[in-house]
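Peer 1: here is my input, please return the structure:
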Amino acid sequence: MGGIRVAYLARYEDVTSVTETEGKISAITLAASAKWYKYQFRRNTGSLTSTYTAGSTEGDYYIQTDLAMIFNRMDTAKRIEVQALTQGEVVAVVEDANSKVWFVGKDTYLSVSAGTGETGTASGDQNAYTITLSTQSQEYSFELTEEAYAAVKESAA
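Peer 2: Presented below is the predicted three-dimensional model:
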């Protein structure tokens, strides 16, 4: 089943440690005053896509990961919060529609690669902010343990 349910974002500079155990993220520690920002999504309004790209002659590669988020209903408070949070470097914890939880930003941060604010034309058109956060890293996103995800949810704003 495709799509994402919720994304938690935190500033990259606020991450003090990331613990990997048996291929999963078992803990993410933020600075004392830092917090996660929670964004919940309706079905079909967000995605997490990772694309493997091989280099031409050097044997190098990278994985481009894009977190596309649609925030329904444009309003000032949402615009200010999203703009402030995404002007810098962030990490993300994303729960997909299959209840799997992924950490993006272990080895390098996400930053805004695209964004729009749209009122739509017709009555049934979408009124929303659309933001895409992207990163290029050496690894695919890491799955979180249940304990690590519970800690993220507990410390969310």
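
Peer 1: who does the residue most central in space within the chain bridge with?
Peer 2: Taking C-alpha atoms, centre = their mean as the criterion, residue 92 is the residue nearest the geometric centre of the chain, at 3.6 Å. When bridges are called by DSSP bridges, residue 92 pairs up with residue 9, residue 104.

Peer 1: ok, it touching residue 6?
Peer 2: No - the pair residue 92 / residue 6 is not scored as a contact, 10.4 Å apart, by C-beta atoms under 8 Å. For glycine as for every other residue, the C-beta is placed from the backbone atoms N, C-alpha and C.

Peer 1: residues in contact with the residue nearest to the centre of the chain?
Peer 2: 7, 8, 9, 67, 103, 104, 105, 110, 133 (C-beta atoms under 8 Å, 6 or more residues apart in numbering).

Peer 1: and for residue 50?
Peer 2: 63, 64, 65, 66, 140, 141.

Peer 1: surely the second one is in a helix?
Peer 2: Put plainly, it is residue 64. No - according to DSSP: H, G, I helix; E, B strand; the rest coil, residue 64 belongs to no helix; its state is strand.
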